[in-house]
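Asks: got a sequence here, can you model it:
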Amino acid sequence: MSRADRPPRCPRCNLAIHLCLCAEIPQVETRTRFLLLQHVLETAKRSNTGRVAALALANAKLLIVGGMTEALDTSLLSEPGTWLLFPDGPVAPPDAPAPKQLVVLDGNWSQARRMTQRLPALRALPRLVLPPPEPGMLRLREPSHPAGMSTLDAIARAVALLEGADVAAPLERLAALRVQRIADCGTLN
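Replies: Predicted coordinates:
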């Protein structure tokens, strides 16, 4: 299918209009602030879930990183209580207070790794490491990293760990609905 033949996309959730999730996006209130750093190459991808997660989280900010975008204000990364959601690296001590702000890297595995290499402030942050995904987790494709999952799935799991399953449930439902709609249609268009 050529680009000209693809159905128009929703400007808000970035999915094809017939798959649009906007009416289903909940407003989830969290104590934790989420700072999503989206790799510039992810912004136009239909498979991107960072944008949907940012729409669902009342306490979230989405920033584009890389390419010709303006430089990231790294002071956002040095706010007290800031952690990084990342599967590798130094984890926070077990007795550390819960994060006030959680930085989430939105991109594929190699993009996320490059962001941590290019932004020294990220490397200094304590890490929130999620347990590996459960077998049978709804996915559109197999991840390139053993702990890999969509940004929306990772955020839902982080919210469950930090604030409880009840707070995370609307995000989990949204992630499952997104995968189901795309799978039923058989396309990301």
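Asks: for the closest residue to Ala16 other than its chain neighbours, what are phi and psi?
Replies: Excluding its sequence neighbours, the residue lying closest to Ala16 (C-beta to C-beta, 6 or more residues apart in numbering) is Pro7, at 4.5 Å. Using the backbone N, CA and C atoms, a C-beta is placed for each residue, glycine as well. Here is the backbone geometry of Pro7 (degrees, to the nearest 10): phi -70, psi 150.
Asks: how far away is Pro7 from Leu41?
Replies: Separation of Pro7 from Leu41 (C-beta to C-beta, to the nearest Å): 22 Å.
Asks: do Cys10 as well
Replies: 20 Å.
Asks: okay, the residue nearest to Ala16: pLDDT?
Replies: Pro7 carries a pLDDT value of 78.
Asks: ok now the helix or strand hosting Asp153, how far from the chain's centre?
Replies: Using DSSP states H and E, Asp153 maps to helix 151-163. Distance of helix 151-163 from the chain centroid (C-alpha atoms, centre = their mean, to the nearest Å) equals 9 Å.
Asks: got a list of contacts for that helix?
Replies: For helix 151-163, contacts defined as C-beta atoms under 8 Å, 6 or more residues apart in numbering pick out 28, 30-32, 34, 36, 48-50, 52-53, 56-57, 85, 98-99, 102, 104, 106, 128, 130, 133, 137, 149, 167-168, 171-172, 174-175, 178.
Asks: can you give me the helices in this protein?
Replies: 50-56, 109-118, 120-123, 151-163, 165-185 (DSSP state H).
Asks: would a markdown table of these with distance to Pro90 and mean neighbour count be doable?
Replies: Below are the helices of the chain laid out as a markdown table (distance: least, C-beta to C-beta, whole Å; neighbours: other C-beta atoms under 10 Å):
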| stretch | distance to Pro90 | mean neighbour count |
| --- | --- | --- |
| helix 50-56 | 24 | 23 |
| helix 109-118 | 12 | 16 |
| helix 120-123 | 9 | 16 |
| helix 151-163 | 17 | 23 |
| helix 165-185 | 25 | 16 |
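Asks: Gly66: which of the ones you listed is closest?
Replies: Ranking the helices of the chain by their distance to Gly66 (criterion: C-beta to C-beta) puts helix 109-118 first, at 7.5 Å.
Asks: next, the angle from that closest one to helix 151-163.
Replies: Orientation note: helix 109-118 sits at an angle of 60 degrees relative to helix 151-163 (axes from the mean of the first three to the mean of the last three C-alpha atoms, to 10 degrees).
Asks: what about helix 109-118, average pLDDT?
Replies: pLDDT averaged over helix 109-118 gives 89.
Asks: stretch 30-46 too?
Replies: 91.
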